[in-house]
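Participant: dropping a prediction and its sequence here:
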There are 2 protein chains.
Amino acid sequence: MQPRYIKIKSAIIDSIEAGKMKPGDKVDSENQLAEIFKVSRMTARRALTELVDEGVLARSQGLGTFVNDHRPMSSLLEIRSIDDEILQRGHTYSNQVLTQLKVKATSEQGAWLDVPTGTELFHTCIVHYENELPVQLEDRLVNPQWAPDYLTQDFSQTTANHYLNSVAPLTQADHAIEAILPTQYVAKSLAIEPNQPCLQVSRRTYSAKGIVSYALLFHPGNRYRIGGHLDFSHSIRS
Amino acid sequence: MQPRYIKIKSAIIDSIEAGKMKPGDKVDSENQLAEIFKVSRMTARRALTELVDEGVLARSQGLGTFVNDHRPMSSLLEIRSIDDEILQRGHTYSNQVLTQLKVKATSEQGAWLDVPTGTELFHTCIVHYENELPVQLEDRLVNPQWAPDYLTQDFSQTTANHYLNSVAPLTQADHAIEAILPTQYVAKSLAIEPNQPCLQVSRRTYSAKGIVSYALLFHPGNRYRIGGHLDFSHSIRS
DNA sequence: TGTATGCACTTGTATATACAAGCTGGTTGG
DNA sequence: CCAACCAGCTTGTATATACAAGTGCATACA
């Protein structure tokens, strides 16, 4: 037997999907639902509360409960850590560290990490391979303040991503995805032709205290794509 | 004065962030919390329930409530409807319909929309302009079954995206993002050089009943990028 | 006319209580 | 020794009740 609050949720969702109620329409109040379904107000309330949590309804004190607008048609696209992704596909993962040293921030680099020009930064360039084929060049700048031991890590064992997340758990991130033509260095590192388009992901990660790292991730257009699957359905009938 | 269940939530989050409790650790039971904070079990329960909803804790009947693992370090990246995006930037949006007609599905197209080869489909090609500059070529196939009036729409008024979402609300979507070199047709439509890399987003959208549409969105690499900002912090102190 | 008060309705918070159902560990009986 | 059972913990569902607080409307008053 289904719990009663689930039945009420289903009934509300049904009447929305059947078109009986449109976005903006007022839903029966907690007391009305309680009477209609012969349950206590708290049980009716639970049904409404969960639908609000799921984004189906919206409430405001004193006014009532209303059918929500279609939630913004924004799709979410997942970007995962490269090694997890490759391993999950059942392929072999390996990498090669090209560069692992200290640098002094140029004005541009300083702006990215929000530090003064000339600040000492850590810089790594690592190529990631899927089945011996290069699929990502990771060009990363790290603020030593949040990850002082970054340079002494063995990145053949743990990825920069995982290490940084362990010492300074990320709280926010900025992303940008672009299509570019590779520089000579990028083309050589990824073993592609100079006129082969690349997918460039630039990612800036924040921990609680500040900007941890700025990474440029280059992917050969013919060997890599970013994918994702999304599910917006709100008919969760557990 | 803060509600009491908020105080309990804060206390739990604090002790997690202070390192007193690690992922996997057991949290005080509802009855224990009730006694500690001098509230009823239902109030303590509400604190736990909301933290479970937020992904901070996990519960199982008979066992107890536990601190959740750090949620998978997957980043989410937003893709919005092109016209909304342009308007929100304060720029002018316009478009031009290149193609709007019926076609018979090739075997490839049939596979994309999960219909037999030869099925009648709707096909549109629309160029979207930001400040008179082309930023997206939208090449879209639509299953007439879910949107029979698609061809008679005036897409200078409403975008395909918005129209489809109104007649067949989307419940799921697949995405793939790639960097490609444009075909001659794409380069001409977007007014770019043939060697200028393009960002290609292919998106397949589902409604409750089936696959509604398959779209290829081409963006000139030098005029468009996909961006997003994410926030993982779970210290939600409403 | 315009303002103020208060009532009726809504959601929000909080309590006390009851029983159902899942899990664990110990005790009991074969 | 092992299996069955049960007691005692946990979370899950459900009710009845109370008061607080936000909103809108109608009524009463100046």
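Facilitator: Now that the structure is in, tell me what you want to look at. The structure presented is a predicted model; accordingly, all values stated were derived computationally and were not measured.
Participant: what strand or helix carries residue A:185?
Facilitator: Using DSSP states H and E, residue A:185 sits within helix A:184-190.
Participant: buried residues in that helix, which are they?
Facilitator: For helix A:184-190, the neighbour count (16 or more other Cβ atoms under 10 Å in any protein chain shown) marks A:186, A:187, A:189, A:190 as buried. Just so you know, the C-beta spots here come from the backbone N, C-alpha and C atoms, and that holds for glycine as well.
Participant: ditto for stretch A:217-228
Facilitator: A:217, A:218, A:219, A:220, A:221, A:223, A:224, A:225, A:226, A:228.
Participant: does residue A:149 touch residue A:167 like I think?
Facilitator: Yes: the criterion here is Cβ atoms under 8 Å, and residue A:149 meets it with residue A:167 at 7.5 Å.
Participant: export the buried residues of helix A:184-190 as TSV, with columns for pLDDT.
Facilitator: Below are those laid out as TSV (pLDDT from 0 to 100):
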residue	pLDDT
A:186	97
A:187	96
A:189	96
A:190	96
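Participant: next secondary structure after the helix holding residue A:185?
Facilitator: Downstream of helix A:184-190, the next assigned helix or strand under DSSP H and E is strand A:198-207.
Participant: got the contact list for residue A:126?
Facilitator: A:95, A:96, A:97, A:98, A:137, A:138, A:140, A:155, A:160 (Cβ atoms under 8 Å, 6 or more residues apart in numbering or on different chains).
Participant: okay, and which of those residues map to helices?
Facilitator: Of the positions in the contacts of residue A:126, residue A:160 sit in helices, assigned by DSSP state H.
Participant: and DNA strand C, which of the contacts of residue A:126 contact it?
Facilitator: Among the contacts of residue A:126, no residue is within reach of DNA strand C (Cβ under 7 Å from any atom of the strand).
Participant: got a PyMOL select line for the buried ones in the contacts of residue A:126?
Facilitator: If you want just the buried ones from those in PyMOL, going by 16+ other Cβ under 10 Å, the selection is:
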select buried, chain A and resi 95+137+138+140+155+160
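Participant: farthest-separated two in the contacts of residue A:126?
Facilitator: Using Cβ to Cβ, the contacts of residue A:126 reach their maximum pairwise distance at A:96 and A:140, which is 14.4 Å.
Participant: distance of the residue of chain A found nearest DNA strand D relative to DNA strand C?
Facilitator: Across chain A, the shortest distance to DNA strand D (Cβ to the nearest atom of the strand) belongs to residue A:62, at 2.4 Å. According to Cβ to the nearest atom of the strand, to the nearest Å, residue A:62 and DNA strand C sit 4 Å apart.
Participant: where does that residue land in three-state SS?
Facilitator: coil (DSSP: H, G, I helix; E, B strand; the rest coil).
Participant: and it, backbone torsions?
Facilitator: With angles defined as degrees, to the nearest 10, residue A:62 sits at phi 90, psi -20.
Participant: could you report the neighbour count for it?
Facilitator: Neighbour count for residue A:62, taken as other Cβ atoms under 10 Å in any protein chain shown: 4.
Participant: cool, the one 3 residues further on as well?
Facilitator: Burial measure for residue A:65: 22 neighbouring residues, criterion other Cβ under 10 Å.
Participant: in this structure it contacts residue A:26, no?
Facilitator: Yes: using Cβ under 8 Å, residue A:65 is in contact with residue A:26, at 7.0 Å.
Participant: hmm, back to that, quick check: which of the buried residues of stretch A:217-228 are also close to DNA strand C?
Facilitator: Among the buried residues of stretch A:217-228, proximity to DNA strand C is found for none (Cβ under 7 Å from any atom of the strand).
Participant: where does confidence bottom out across these?
Facilitator: The lowest pLDDT within the buried residues of stretch A:217-228 belongs to residue A:228, with 75.
Participant: ok, and does the helix holding residue A:185 reach over to chain B?
Facilitator: No: judged by Cβ under 8 Å from any Cβ of the partner chain, helix A:184-190 stays clear of chain B, getting no closer than 11.8 Å.
Participant: now that helix, how far from the chain's geometric center?
Facilitator: 27 Å (Cα atoms, centre = their mean, to the nearest Å).
Participant: same for it, what does it pack against?
Facilitator: Packing partners of helix A:184-190 (3 or more Cβ pairs under 8 Å, 6 or more residues apart in numbering or on different chains; DSSP states H and E): strand A:120-130, strand A:133-142, strand A:211-220.
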